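[1] 3D model of this:
(2 chains)
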Protein chains: 2
Amino acid sequence: MTKVAIILSGAGVFDGSEIYESVITLLRLDQLNVEVQCFAPDIPQMHVINHISGEEMDETRNVLIEAARICRGEIKSLEEAKVENFDALIIPGGFGAAKNLSDFAVKGSDACVQQDVLSFCHGMFNARKPVGLVCIAPAMAPLIFGDKVHYTIGNDTDTANTIEAMGGSHDNCAVNEIVVDDEYMLVTTPAYMLASRISEAAEGINQLVDKVVELSND
Amino acid sequence: MTKVAIILSGAGVFDGSEIYESVITLLRLDQLNVEVQCFAPDIPQMHVINHISGEEMDETRNVLIEAARICRGEIKSLEEAKVENFDALIIPGGFGAAKNLSDFAVKGSDACVQQDVLSFCHGMFNARKPVGLVCIAPAMAPLIFGDKVHYTIGNDTDTANTIEAMGGSHDNCAVNEIVVDDEYMLVTTPAYMLASRISEAAEGINQLVDKVVELSND
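    A predicted model of the protein is given here:
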């Protein structure tokens, strides 16, 4: 049975994992009879955002504990993830990917990827196992895969240029499409970088999941 | 265009809306080209639960602000919801339905439904507009629809008996099926009262959504 690791970054688009993208990913994987294990780094969130006002709240929350809300508590600390136990990895988007899994949201092209995330992603890359990055998560692609990798975050030129300053090449992509880098076994899709409704995001994410699972079985 | 109101109760199965159920509901409605508006009562959560340990956290959170995480901030206070603006109502499950929208989780058959929830649900019922209740949310059915209504929470006898002590009749139902009370225009499905995986929950919820939308167009 194919087994896929998911890295979540909290629960909520403005300070954690985008919830629609995360659930659509998990639903599609389950419909394909793929076994899934969710992980998140056991670290404080960069921010806690009131999702109505958009303002920062005077609270601290833990990425792992909040991410557990999405997946009914079925989650482990990313430190425990072992590359040899998985056939593929998918990271949904949301600002959590750019605030907690990396600091791209505040550092731009000077961004770093969080240690546990980088270590697991490098492990998957070195083991030639496919990785799917959704929405803004591809901002981490150059830092994981290096200078030659291809990826998409949709068609926003400023964001694409900021990511390309770290390396790799951005390919424009529609919301219902995916970009596949066969060399690096990386699959990316814009999702809510472009989606105006949940069913649009689902079209691209379902394709990404299908492709990642297909590559993992090659 | 059909317009459906959704009442959320927080974000996370143990103290709010069950996130899988909520997102599956919203995805299916969007795939049917139905317009959606999410609401939640602007009240404190009964509990804040650490979704890994299952233990209560020493925090207070607001139902409306946390529910906003599910739907990317696109939510309004339930006080603002007007029956005349909607063709149907769906309430996903999760303990939030039994802790925040009602107090069924702690009061059992002595439960009350929260004032804004009861008022909007009564309004939909009186206007002969269909209502869908998912998972444990049907525990509110007798308090909204009275003594003659039929509903399901799956096949758990103790829970069914506790709800029946408030009124109405429980019908056993499989996870991939729905119970339809045509008289009261109420549709219910067990979802995570029975589901062992997300794709099972989706089978029943998709049927519920389809039926609610069909009834709203009759």
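[2] what about A:K99, neighbour count?
    By other CB atoms under 10 Å in any protein chain shown, 24 other residues sit near A:K99. For the C-beta atoms, the positions are set from N, CA and C on the backbone; glycine is no exception.
[3] next, count neighbours for the closest residue to it other than its chain neighbours.
    Counting by CB to CB, 6 or more residues apart in numbering or on different chains, the nearest residue to A:K99 once its immediate chain neighbours are dropped is A:M46, at 4.0 Å. Per other CB under 10 Å, the neighbour tally for A:M46 reads 20.
[4] my guess is A:M46 contacts A:G16. True?
    No - A:M46 is beyond contact range of A:G16, at 9.8 Å (criterion: CB atoms under 8 Å).
[5] what's the residue sitting nearest the centre point of chain A sitting at in phi/psi?
    By CA atoms, centre = their mean, chain A has its centre lying nearest to A:I91, at 2.5 Å. When read as degrees, to the nearest 10, the backbone of A:I91 gives phi -120, psi 110.
[6] and the residue of chain A most remote from its centre, what element?
    Most distant from the centre of chain A: A:D58, at 26.5 Å, with distances by CA atoms, centre = their mean. For A:D58, there is no enclosing helix or strand under DSSP states H and E.
[7] could you check how far it is from A:A105?
    Distance of A:D58 to A:A105, given as CB to CB, to the nearest Å: 19 Å.
[8] how near is A:C112 to A:G146?
    Going from A:C112 to A:G146 by CB to CB gives 15 Å.
[9] now check the helix ranked longest in chain A, is it near chain B?
    For chain A, the longest helix by residue count, based on DSSP state H, is helix A:198-216. Yes - judged by CB under 8 Å from any CB of the partner chain, helix A:198-216 and chain B are in contact via A:I198, A:S199, A:A202.
[10] circling back to that earlier point, okay, the residue nearest to A:K99: pLDDT?
    We have a pLDDT of 98 for A:M46.
[11] ditto for the one 4 residues further on
    Predicted confidence (pLDDT) for A:N50: 98.
[12] now do A:D218
    For A:D218, the pLDDT comes out at 83.
[13] does it count as helix, strand or coil?
    coil (DSSP: H, G, I helix; E, B strand; the rest coil).
[14] quick one: A:P92 and A:I136 touch, right?
    No - counting by CB under 8 Å, A:P92 stays clear of A:I136, with 9.9 Å between them.
[15] what residues does chain A put near chain B?
    Within reach of chain B by CB under 8 Å from any CB, chain A has these residues: A:11-14, A:16, A:18-20, A:23-24, A:26-27, A:30-31, A:50-52, A:54, A:59, A:64-65, A:68-70, A:72-73, A:75, A:192, A:197-199, A:202.
[16] now do the helices in chain A.
    Taking DSSP H as the criterion, chain A carries its helices at A:19-31, A:63-70, A:96-99, A:104-107, A:115-126, A:141-145, A:157-164, A:198-216.
[17] helices and strands around the first one, which ones?
    Under the contact criterion of 3 or more CB pairs under 8 Å, 6 or more residues apart in numbering or on different chains; DSSP states H and E, the helices and strands touching helix A:19-31 comprise strand A:3-7, strand A:35-40, helix A:63-70, helix A:198-216, helix B:19-31, helix B:198-216.
[18] tell me the most buried of the ones you listed?
    Of all the helices and strands packed on helix A:19-31, helix A:63-70 carries the top mean neighbour count, a mean of 28, counting by mean count of other CB atoms under 10 Å in any protein chain shown.
[19] where does chain A dip in pLDDT?
    Applying pLDDT under 70 to chain A flags no residue at all.
[20] tell me the contacts of the closest residue to A:I163 other than its chain neighbours?
    Nearest non-adjacent residue to A:I163, counting by CB to CB, 6+ apart: A:A139, 5.1 Å away. The contact partners of A:A139, by CB atoms under 8 Å, 6 or more residues apart in numbering or on different chains, come to A:A97, A:A98, A:S102, A:F104, A:A111, A:I153, A:T159, A:T162, A:I163.
[21] pick the one among those residues closest to B:F120.
    B:F120 lies nearest to A:A97 out of those, by CB to CB, at 35.9 Å.
[22] so that closest one makes contact with A:A141?
    No - the criterion here is CB under 8 Å, and A:A97 misses it with A:A141 at 11.2 Å.
[23] so these two - more neighbours on which side?
    A:A97 (31 against 28).
[24] residues contacting the more buried one?
    A:S9, A:S17, A:I91, A:F104, A:C135, A:I136, A:A137, A:A139, A:M140.
[25] and of the residues you listed, the nearest to chain B?
    Nearest to chain B among the contacts of A:A97: A:S17, at 9.9 Å, using CB to the nearest CB.
[26] wait, that closest one sits on A:I70?
    Yes - using CB under 8 Å as the test, A:S17 is close enough to A:I70 to be in contact (6.4 Å).
[27] rewinding a little: tell me what the residue nearest to the centre of chain A is bridged to.
    For A:I91, the beta-bridge partners are A:L133 (DSSP bridges).
[28] so how far is A:L143 from it?
    Per CB to CB, A:I91 is found 13 Å from A:L143.
[29] same question for A:I136.
    From A:I136 across to A:L143, the span is 13 Å (CB to CB).
[30] quick check on the two: which one has the bigger neighbour count.
    A count of neighbours by other CB under 10 Å puts A:I136 above the other of A:I136 and A:L143, at 29 against 20.
[31] contacting residues for that one?
    A:G93, A:G94, A:F95, A:A97, A:A98, A:F104, A:I153, A:T159, A:M193.
[32] which residue, other than its chain neighbours, is closest to the second one?
    In other words, A:G94. The shortest distance from A:G94 to any residue other than its chain neighbours is 3.4 Å, reached at A:E18 (CB to CB, 6+ apart).
[33] quick one: contacts for the one you found?
    A:E18 neighbours (CB under 8 Å, 6+ apart): A:P92, A:G93, A:G94, A:G96, A:V134, A:C135, A:A191, A:Y192, B:R72.
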